[in-house]
Every structure is written in structure tokens, then in C-alpha cells.
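Q: show me the folded form of this:
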Amino acid sequence: MSSTINNKIDILHNVLKKHSGVVVAFSGGVDSTLLLKIATDVLGNKVIAVTATSPLYPETELKIARQICRQLRIRHLVIQSKELKNKNFTRNSVARCYYCKIDLFKALKKIAEKKGYTVIEAS
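A: Here you go, the predicted structure:
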């Protein structure tokens, strides 16, 4: 690995060490999987992966997310997102993703607050 990548990973380790635990917004994609793995390496069992599901998400995405969490032995919660009930989302404006993400992070924050954890995401 290049020194730039190693430096970024070191920075991430240091940021994660400052938290008592984290809730990872986990899609099962490459970015969130890398973040989840590094968070688990740093914080051990003080990591919770949370995946949102709804009729809009392909079932294969949830299946992959579950499989990764099983392989990494990470606590995994699945929540139902309700973007279809959000009029700001269903208007299908250019800001629809913003409204979807706001609702998702409100739900993640509630989960994190119960444990005294911080919500993190890969972007």
C-alpha cells in the first residue's frame, strides 16, 4: 500500500479510537464494508452495522449485507425505511436523496443514542 493510503488509514484509526462505539450506515457496498471492517478492527464488538431496506432496494443488497456481517461477526440491524411515505421524497425532485438520507440518519441516531455511540458512514 502507498504511504498516502496508510496515512489515511492511520487517521481513520485515530478518529475511531475517540468513540466509545459506532453505528455504521451499512449498505453492503465496498465503501461501507471497508469502514465497517476498520471500525471493527479498532473498536471490536462496539460496532453495530445498520442496513435500511424498503421496496425500493433490491433484495440482493440486503442478502449481501447480511452475509458480510455474518462473515465479520458484526452485530447487524435491519431497519425499514419509509421513504415512500415521505412526500418530499415521492415528489421525485433532485433533492429526493437528501430527504431519504435525512430520514435514515434520524433512525440511525436513535439507535446510536441508546448505546452512547456515534453514527458514521462511508461516502
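Q: only C-alpha atoms from now on, for both contacts and neighbour counts.
A: OK.
Q: measure Leu108 to Lys63 for me?
A: 20 Å (Cα to Cα, to the nearest Å).
Q: and these two? which has more neighbours close in?
A: The residue with more neighbours, out of Leu108 and Lys63, is Leu108; 22 against 11, by other Cα atoms under 10 Å.
Q: model confidence for that one, exactly?
A: With respect to pLDDT, Leu108 scores 96.
Q: shouldn't it be in contact with Phe26?
A: No - with contact defined as Cα atoms under 8 Å, Leu108 does not reach Phe26; the gap is 10.5 Å.
Q: shared neighbours of those two, anything?
A: Counting by Cα atoms under 8 Å, 6 or more residues apart in numbering, the contacts common to Leu108 and Phe26 are Val50.
Q: so after the longest helix anywhere in the chain, what's the next helix or strand?
A: Assignment by DSSP state H gives helix 96-115 as the longest helix of the chain. Remark: after helix 96-115, the chain's next helix or strand is strand 118-120, criterion DSSP states H and E.
Q: what is the least confident helix or strand in this protein?
A: helix 87-90 (a mean of 77; mean pLDDT, DSSP states H and E).
Q: elements contacting the helix or strand hosting Leu35?
A: Leu35 is part of helix 30-43 when elements are defined by DSSP H and E. On a contact count with 3 or more Cα pairs under 8 Å, 6 or more residues apart in numbering; DSSP states H and E, helix 30-43 meets helix 3-17, strand 22-25, strand 47-53.
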